[in-house]
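Undergrad: Okay, here's the prediction I keep looking at, along with the sequence it came from:
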Number of protein chains: 2
Amino acid sequence: MVYNFNSGPSILPGEVFEQASRAILDFNNTGLSILEIGHRTPLFQEVMDEAIASVKELMALDKEHEVLFLHGGASTQFFQIPMNLLNENETAVYLDCGTWGTKAIKEAKLFGQVAIVASSKDKNYTYIPKGYILPAGAKYFHYTTNNTIEGTQMHGIPETNIPLVADMSSDILSRVMVFNRFDLIYAGAQKNIGAAGVNLVIVKKDILGKVDRKLPSMMDYRQHIEAGSMLNTPPVFAVYLCMLTLRWLKKSGGVAAIEKINDEKAGLLYKTLDELPVFRPTVVPEDRSKMNAVFVIDDPALEKEFQAICKQEGIVGIKGHRSVGGFRASLYNALPLSSVQVLVDLMKDFANKKG
Amino acid sequence: MVYNFNSGPSILPGEVFEQASRAILDFNNTGLSILEIGHRTPLFQEVMDEAIASVKELMALDKEHEVLFLHGGASTQFFQIPMNLLNENETAVYLDCGTWGTKAIKEAKLFGQVAIVASSKDKNYTYIPKGYILPAGAKYFHYTTNNTIEGTQMHGIPETNIPLVADMSSDILSRVMVFNRFDLIYAGAQKNIGAAGVNLVIVKKDILGKVDRKLPSMMDYRQHIEAGSMLNTPPVFAVYLCMLTLRWLKKSGGVAAIEKINDEKAGLLYKTLDELPVFRPTVVPEDRSKMNAVFVIDDPALEKEFQAICKQEGIVGIKGHRSVGGFRASLYNALPLSSVQVLVDLMKDFANKKG
């Protein structure tokens, strides 16, 4: 038995694996593989339509919000967003609360002015900055809802009267949010939506078309919207996996239902971490991520020992990011509570023996 | 039985479908799906390494040529190439010989000057322009080796002393070429390399780093090279499919061996088209593509009838592109000669009855 705590690419529902495996041999009884069907066929159009409709339904999006499945990951959006939204002499406001936000800031600077409204770099991004005032007149405000590497998560939504842009790669669809409050949401699929190789972008059309520069066709959200998210050959199989995963989520009761399970999973793990002195969570309690729990074992010998035990017991992907060290347990939607229970039992057993 | 003549996404080898289907349930006996393994693991590094090494081997590339698997398709390269190679005041030379080249020209104009050295637009791109003289001093020369939509193919390689850039999306690895003569080659995977969602880029490092503009990280070939084609999360499964397909091609004897079969397939089909007056190939004989055979039936009633017969007999994807009409039979590497034989027999039978 393997318990997959990978941070992304990461676990998907078992039934998605089974359906995808079958569709590679025979898609919908066509005698064709999903990998060899034309993207301009009704066969694939249905897949794309269902994927888009599922996103709209699960996130309760209003009609102003367009849904796109684009090539690439969040890293492409880091520059595509300012390219579409920010003129050279205009200012975008960014919150600096982790590795990915830092990368987004670097790319935005190529296209216009960037104001960093607050940062948690002083404490290795182990908390979410609070109490800052968003400047008026800026073009948009960008933040990362969940920091995959550092294990922090902003539990509310910032109040702002400028367009709100969020990288939701690692916590999208994991909790109920008023998604309509955002003007642009993006998320690499490889956590809660599907597998690597496609990026979900949700954008309000009225923020587009306001920059002076000419955009390459493939970088222009408006062209993608007009083409129904098929401006060029889309990543067919990656979109199909999203469709299956979204279908599973709907069947499982939607975002509110999965949030309840996610709360249980995170609650169980953090409670254990707080109870056992050998483990030390690195993030301040109020900003802890329910998707990525980061913790360390201060004694290097014990750290190695626990790593070895995890490996032996089939616990996979629990090593912390190289920039943080220690451990990280990712608790995405598809990870069952039972896997967290296995990890927690192992931790208790370890603490008993070593504590 | 289904005979898949799709123009892309298109048929892949049966054993690739089988291996991919299994890997989605259990990859290399890890108990994990290929869709849920981390991209920074030795598991995936081996996949990427083999895919890159196979390209180098199959194309006999020298050490100056770097191999990248990037997000997106050829449409992304249409702008990424001039972005990396062309300053605003510099000129790039393009050959205008089909729909895709036209799109590439449009994107290049956003970054610098474009000189169109020759065009076959006057005859709906049914031939490859010849006899033009490449201007000296231009930054690079760009052409499309095979025009998927119009069914033309340039059988030689243009002589030039400026960097040579080619879109090989629809005929890469189908025939022996001196690939080292190119400075940049790109190809969407969804014909001869794998499935949609990844793009092969082969680039000589010494043509890079010569533009004034600052490049977004994800658009900078040099950063991708430095990162070993893993600057961000790669499209894991799409790269895995490329690796499997390339492995199959090596096992099948490599490019020279597949070229022999491709010659047979195209020879058989064009011979039949030339023999049967009811079918009319649209491309001049010397420029016909061995990958995409385009033909029409001038009588609309007969055209519909033949479409219906194809459908009935399991011949899939043979409808011509909407901009050309008629029929298009795509004969990519994975399409067996036996499928062409089925089509040819059907054509003869149809001609006998209707001619």
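TA: Arrived safely.
Undergrad: Compute the number of surrounding residues for A:Lys56.
TA: 17 (other CB atoms under 10 Å in any protein chain shown). Just so you know, the C-beta spots here come from the backbone N, C-alpha and C atoms, and that holds for glycine as well.
Undergrad: can you check A:Ala308 too?
TA: Neighbour tally, A:Ala308, other CB under 10 Å: 10.
Undergrad: what does the one 5 residues further on give?
TA: Using other CB under 10 Å, the number of residues around A:Glu313 comes to 16.
Undergrad: For the closest residue to it other than its chain neighbours, give me its contacts.
TA: Leaving aside its chain neighbours, A:Glu313 sits nearest to A:Leu346 (5.9 Å; criterion: CB to CB, 6 or more residues apart in numbering or on different chains). By CB atoms under 8 Å, 6 or more residues apart in numbering or on different chains, A:Leu346 lies in contact with A:309-310, A:313, A:315.
Undergrad: Kindly report the same for A:Pro82.
TA: A:Pro82 makes contact with A:92, A:107-108, A:110-112, according to CB under 8 Å, 6+ apart.
Undergrad: Skipping adjacent residues, who's closest to the closest residue to chain B within the stretch 251-355 of chain A in space?
TA: Scanning the stretch 251-355 of chain A for proximity to chain B using CB to the nearest CB identifies A:Gly317 as nearest, at 6.0 Å. Of all residues not flanking A:Gly317 in the chain, A:Asn6 sits nearest, at 3.2 Å (CB to CB, 6+ apart).
Undergrad: ok, that neighbour touching A:Ile315?
TA: No - A:Asn6 is not in contact with A:Ile315 according to CB atoms under 8 Å; the separation is 10.7 Å.
Undergrad: The helix or strand where A:Cys310 lies near chain B anywhere?
TA: Element membership of A:Cys310 [criterion: DSSP states H and E] is helix A:300-312. No - counting by CB under 8 Å from any CB of the partner chain, no contacts exist between helix A:300-312 and chain B, the nearest distance being 12.3 Å.
Undergrad: roughly how far is that helix from the heart of the chain?
TA: Relative to its chain's centre, helix A:300-312 lies at 28 Å (CA atoms, centre = their mean, to the nearest Å).
Undergrad: Following the chain onward from it, which element is next?
TA: Note on helix A:300-312: by DSSP H and E, the next helix or strand toward the C-terminus is strand A:315-316.
Undergrad: per-residue confidence averaged over that following strand?
TA: Strand A:315-316 carries an average pLDDT of 96.
Undergrad: who touches the following helix or strand past that strand?
TA: Going down the chain from strand A:315-316, the next helix or strand is strand A:327-330, by DSSP H and E. With contacts defined as CB under 8 Å, 6+ apart, strand A:327-330 is touched by A:5-8, A:10, A:148-149, A:151, A:170, A:191, A:269, A:291-297, A:306, A:317-321, A:340, A:343.
Undergrad: Among those, which lie within helices?
TA: Among the contacts of strand A:327-330, DSSP state H puts A:269, A:306, A:340, A:343 in helices.
Undergrad: List the contacts of the nearest residue to the third one once chain neighbours are set aside.
TA: Leaving out its chain neighbours, the residue that sits closest to A:Val340 by CB to CB, 6+ apart is A:Lys265, at 4.7 Å. Neighbouring residues of A:Lys265 by CB under 8 Å, 6+ apart: A:290, A:331, A:335, A:337, A:340.
Undergrad: Correct me if wrong, but A:Lys265 is in a strand.
TA: No - under DSSP: H, G, I helix; E, B strand; the rest coil, A:Lys265 sits outside any strand and is assigned helix.
Undergrad: Pull up the distance across stretch A:275-283, start to finish.
TA: For stretch A:275-283, the first-to-last residue distance is 15 Å (CA to CA, to the nearest Å).
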